[in-house]
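Chemist: requesting a structural model of the entry that follows:
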Amino acid sequence: MTQIIVLPHGELCPAGAVIEAEPGISICDALLENDIEIEHACEKSCACTTCHVVVREGFDSLEASDEIEDDLLDKAWGLTPLSRLSCQSIVGDTPLTIEIPKYTINQVKEGHSKK
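Modeler: Numbering: from 1, shown residues only. Alright, predicted model coming up:
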């Protein structure tokens, strides 16, 4: 199992978290499996930017992004050189530290309310 440190996010993970992920799954799936409800409006098909994360540590251990992901990332809020779409970033053996940006651009989100 690979350790992923999730830095605090005001809504999704206020205290931050340390989770374990099976190598070979996406960061997005690892977050969702650990009850960190990151948005994924396109159902993880690399067609939006709602699952954007910043990989603060371990970035170089991830497979390089492809042209489609890079084009989408250009539209993400808070883009940095360490930005990735979590649905396209596959966990390996190297521990990761990620930050979920404060905002996301979701042009299809409707009628969602907090419980």
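Chemist: neighbours around the residue nearest to residue 56 when sequence neighbours are not counted, how many?
Modeler: Leaving aside its chain neighbours, residue 56 sits nearest to residue 97 (4.4 Å; criterion: CB to CB, 6 or more residues apart in numbering). Backbone N, C-alpha and C define where each C-beta goes, glycine included. Residue 97 has 17 neighbouring residues, counting by other CB atoms under 10 Å.
Chemist: also residue 32?
Modeler: If we define neighbours as other CB under 10 Å, then residue 32 has 18 of them.
Chemist: specify the local secondary structure of it.
Modeler: helix (DSSP: H, G, I helix; E, B strand; the rest coil).
Chemist: check contacts around it.
Modeler: 38, 40 (CB atoms under 8 Å, 6 or more residues apart in numbering).
Chemist: at 7 Å instead, please
Modeler: Residues near residue 32 by CB atoms under 7 Å, 6 or more residues apart in numbering: residue 38.
Chemist: what residues are bridge-paired with the residue nearest to residue 56?
Modeler: residue 5, residue 57 (DSSP bridges).
Chemist: which non-adjacent residue is nearest residue 94?
Modeler: residue 61 (3.5 Å).
Chemist: the one you found contacts residue 92, doesn't it?
Modeler: Yes - using CB atoms under 7 Å, residue 61 is in contact with residue 92, at 5.2 Å.
Chemist: can you pull out the strands in the protein?
Modeler: 2-6, 17-21, 52-57, 83-85, 96-99 (DSSP state E).
Chemist: so what does the last one touch, helix or strand wise?
Modeler: What that stands for is strand 96-99. The contact analysis (3 or more CB pairs under 7 Å, 6 or more residues apart in numbering; DSSP states H and E) places strand 96-99 against strand 2-6, strand 52-57.
Chemist: relative to strand 17-21, how tilted is the shortest one?
Modeler: Translated: strand 2-6. The directions of strand 2-6 and strand 17-21 differ by 150 degrees, with axes from the mean of the first three to the mean of the last three CA atoms, to 10 degrees as the criterion.
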